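Participant: generate a structure from the sequence data that follows.
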Amino acid sequence: MIEQMCGNLNTYIDECDNNSVGTSGGNEQYLKKEMCRSVLSIVNEFDNITAKELNEMKDEVISIKESITSSIHKCTSLHNDLSHFHEFVQKIGDNKELCLIASIKCKHIIQQALTLLGKSSKVFNVQSITKHNVRIPSDKGVCYIGGICVLPDGQVLVVDLNNQNVKLLNQQYQVVSHWDVNAWPVDICLITPSEVAVAVNDHESKIHEVQFITVNQGKLVPGRKFQLQHDCTGIDHHQGVLFVISSEELYKYTLNGKQVCSLYRSLEYTVDKCAVSPTGDRLYIISWNQDKLLTLARDGQVLVCGYWPPTVLHVGWEGESKLATLATQEDGVLGPSSVCFSSTTSSIIVGQLRDDILVFRVSMSNVIELTWQRHQSDPQEPQYRKTLPLS
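Facilitator: Numbers count the residues shown, from 1 in each chain. Reported below is the predicted structural model:
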């Protein structure tokens, strides 16, 4: 508006300059008065527009303030109700019958709280299942898709452990490029919209490394890599931090390959794969030989695939409950070894110990998850540990 006003003033002044050439004193005085009236009119118009805009902004701010005040009152009320509920549950102790009655009576309060705080879980509903072959002519054996990664544009990368290569699939899940690895590619994770990190491991040959690969115009271009002093069977990334799994330990690394610390070590069973929640404050670890999902820290949707019986599960964000069984052997799941969700296409992609991957088109619906006790923890030093049996 200011630029438009300046433009109008400059245009009028130029007109006055042109008209004033060769005019008498009386006419010049008249032109000056006209210019003053026009300038005053332009300024008044600007003031009126500005006042109108400011009033609209004021009304909007008042509306936002009222909305925030209302939300604060709702939160305060819900906090009080839930505090009473919590005290009541504490007094109940281990009486499951009374806990059930209390949860039923307070279900609407909990639903309001979860909705207000955005903590209601979403359950995947499978709409359709399609099968896509990822075998290429140079493959010497059956495909073993140990890891899957989806790029923001819908392209998919899979690591084929058995054929020692990384494959790029287009949006129709057709192989358009591949890159051969010098050992077993066991897992993959997204670093940037066009770059991924691949965990490469061969215990006998003592090859343990993280290989970075860039997707450039439908081609896989290998980049930098760094060596590890231990096995690497799983990998994930969040905001410049790599989480690397050995057979019994979870490590934290920088993208330059510097080991920061050991986050978790198991003395009871092996740990095989890891995943980090989108917020980075919750870690999930899979143990195949114990059929367990171990949860460190908080938040996130979790998808888990079980090798036998072949199953794809949807697990709650607390890591303690199964929200849904998405697919079984009857749906064509055989030897599932990796799973990934694509928000771009609303699809769950399942890699298997076979030449086909499965793509589940899904929708989501809300459910309530009840958790009686929550513990604050730090992903730097995980203290909150829960396990969920996957059988």
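
Participant: which ones are touching the closest residue to residue 344 other than its chain neighbours?
Facilitator: Spatially, and ignoring its direct neighbours in sequence, residue 344 is nearest to residue 154 (4.7 Å; C-beta to C-beta, 6 or more residues apart in numbering). Quick note: C-beta positions are derived from backbone N, CA and C, even for glycine. Residues near residue 154 by C-beta atoms under 8 Å, 6 or more residues apart in numbering: 171, 342, 344-345.

Participant: ok, the closest residue to residue 139 other than its chain neighbours - contacts?
Facilitator: With C-beta to C-beta, 6+ apart as the criterion, residue 139 has its nearest non-adjacent residue at 4.4 Å, and that residue is residue 163. Each residue near residue 163 by C-beta under 8 Å, 6+ apart is listed here: 138-141, 143-144.

Participant: quick one: buried ones out of those?
Facilitator: 139, 143-144 (16 or more other C-beta atoms under 10 Å).

Participant: does residue 332 touch residue 128 like I think?
Facilitator: No: taking contacts as C-beta atoms under 8 Å, residue 332 lies outside contact range of residue 128: 11.8 Å.

Participant: between the two, which is the more surrounded one?
Facilitator: Neighbours were counted for residue 332 and for residue 128 using other C-beta atoms under 10 Å; residue 332 has more, 15 against 9.

Participant: would you mind measuring from that one to residue 312?
Facilitator: Distance, residue 332 to residue 312, using C-beta to C-beta, to the nearest Å: 11 Å.

Participant: same thing with residue 207?
Facilitator: Residue 207 is 31 Å from residue 312, by C-beta to C-beta.

Participant: same check, this time on residue 31
Facilitator: For residue 31, the distance to residue 312 - C-beta to C-beta - is 83 Å.

Participant: between the two, tell me which one has more neighbours.
Facilitator: Using other C-beta under 10 Å as the criterion, residue 31 and residue 312 rank with residue 312 on top: 23 against 16.

Participant: need phi/psi at that one.
Facilitator: phi -120, psi 120 (degrees, to the nearest 10).

Participant: can you tell me which residues contact the closest residue to residue 260 other than its chain neighbours?
Facilitator: In space, and not counting its chain neighbours, residue 260 is closest to residue 252: 4.3 Å by C-beta to C-beta, 6+ apart. By C-beta under 8 Å, 6+ apart, the contact set of residue 252 is 241-244, 259-263, 380.

Participant: only the buried residues of the strand or helix carrying residue 252, if you could.
Facilitator: Assigned by DSSP states H and E, residue 252 falls within strand 249-254. For strand 249-254, the neighbour count (16+ other C-beta under 10 Å) marks 249-253 as buried.

Participant: that strand pairs with which strands?
Facilitator: Sheet pairing of strand 249-254 (DSSP bridges) gives strand 241-245 (antiparallel), strand 259-265 (antiparallel).
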